[in-house]
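Student: Sequence isn't available, so here's the structure alone:
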């Protein structure tokens, strides 16, 4: 559950639910695309941020480069705000 919160964020409630706060996860802060449930496409400079979280929670992962194409560039540029 902790890794899910770190990646996806969560709602934090205080004072018996009177106040609600949205805590952002890493994936809400960086441009990315989830290709499948377990595959995330992101920019090279954001790779280290993600691997830090995965290693912190001892998650098993594989990270590798992909060939830059117009399609992958478009996917990531559409995610930027």
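Tutor: Sure, I can see it. This one's a predicted model, so the numbers in the text were calculated from it and none came from an experiment. Numbering: from 1, shown residues only.

Student: secondary structure class for the spatially most central residue of the chain?
Tutor: Centrality entry for the chain: nearest residue to the mean C-alpha point is residue 27, 2.5 Å, by C-alpha atoms, centre = their mean. Classification of residue 27 into helix, strand or coil gives helix, according to DSSP: H, G, I helix; E, B strand; the rest coil.

Student: so it sits right up against residue 4, yeah?
Tutor: No: using C-beta atoms under 8 Å, residue 27 makes no contact with residue 4, being 10.3 Å away. For glycine as for every other residue, the C-beta is placed from the backbone atoms N, C-alpha and C.

Student: so what's residue 23 up against?
Tutor: Contacts were defined as C-beta atoms under 8 Å, 6 or more residues apart in numbering; by that measure residue 23 touches 5, 9-12.

Student: Equivalent analysis for residue 4, please.
Tutor: Under the criterion of C-beta under 8 Å, 6+ apart, the neighbours of residue 4 are residue 10.

Student: Secondary structure element for it, which one?
Tutor: Assignment of secondary structure by DSSP states H and E places residue 4 within helix 2-8.

Student: For that helix, buried residues please.
Tutor: By 16 or more other C-beta atoms under 10 Å, the buried positions in helix 2-8 come out as 6-7.

Student: next one: that helix to chain centre, how far?
Tutor: The chain centroid and the centroid of helix 2-8 are separated by 9 Å, computed with C-alpha atoms, centre = their mean, to the nearest Å.

Student: next helix or strand past that helix?
Tutor: Scanning the chain past helix 2-8 towards its C-terminal end, the next helix or strand to appear is strand 10-14 (assignment: DSSP H and E).

Student: same for that following strand, what does it pack against?
Tutor: Counting contacts by 3 or more C-beta pairs under 8 Å, 6 or more residues apart in numbering; DSSP states H and E, the secondary-structure elements packed against strand 10-14 are strand 19-23.

Student: what lines up beside the strand it packs on in the sheet?
Tutor: Within its sheet, and counting by DSSP bridges, strand 19-23 is paired with strand 10-14 (antiparallel).

Student: Give me the contact list for the strand it pairs with.
Tutor: If you take C-beta under 8 Å, 6+ apart as the criterion, strand 10-14 is touched by 4, 19-23, 25.
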